[in-house]
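Enquirer: Give me a 3D structure for the following:
(one chain, ligands or ions: 1)
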Amino acid sequence: MHVKKIPMRQCTGCNERKEKKSLIRIIRTPEDEIAVDFTGKKNGRGAYICNSIDCLKLAQKKKSLERSLKTTIPETVYQELAKEMSDNENG
Ligand SMILES: [Zn+2]
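Expert: Below you'll find the predicted structure:
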């Protein structure tokens with residue numbers, strides 16, 4: 001049987017490698033905007049993070065998203081992510 005390779009990506013918060021589809025993708029678009037890519041299909045340089053507030057806080061503290069995307073992450077992006085994550089936790 002053909003074994004399908006599962007794409008793995010590293011979380012910028014906890015640095016664990018996880019299934020790409022279980023992570024949230026944050027991209028820097030060609031226009032240098034930062035966007036949260038929930039579909040995983042947008043173009044741009046991407047960074048990944050677990051669907052977890054803890055990982056978000058870690059990434060923000062370590063500025064690992066900034067490093068990964070080589071740009072400044074606006075506070076609003078962190079807020080958007082935090083909102084999305086807490087929504088998921090409640091659901
Ligand atoms: Zn993580």
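Enquirer: So which bits of the protein are right by the ion?
Expert: Residues of the chain lying near the ion by CB under 5 Å from the ion: Cys11, Gly13, Cys14, Cys50, Cys55. Placement of C-beta: from N, CA and C, glycine included.
Enquirer: between these, which is closest to Gly44?
Expert: Gly44 has its nearest neighbour among the residues of the chain next to the ion in Cys11, at 18.3 Å by CB to CB.
Enquirer: Go ahead and confirm the closest one touches Lys18.
Expert: Yes: contact criterion CB atoms under 8 Å: Cys11 and Lys18 qualify, at 6.2 Å.
Enquirer: Could you check which of the two is surrounded by more residues?
Expert: More neighbours surround Cys11 than the other of Cys11 and Lys18, with 23 against 17 (other CB atoms under 10 Å).
Enquirer: Check what pLDDT the nearest residue to that one once chain neighbours are set aside gets.
Expert: For Cys11, ignoring the flanking residues on the chain, the nearest one in space by CB to CB, 6 or more residues apart in numbering is Cys50 at 4.7 Å. In this model, Cys50 is scored at 96, pLDDT.
Enquirer: Could you do Glu89 as well?
Expert: Note on Glu89: pLDDT of 56.
Enquirer: again, but for Thr12
Expert: On pLDDT, Thr12 comes in at 97.
Enquirer: List the contacts of it.
Expert: Residues near Thr12 by CB atoms under 8 Å, 6 or more residues apart in numbering: Ala47, Tyr48, Ile49, Cys55, Ala59, Lys62, Ser64, Leu65, Ser68.
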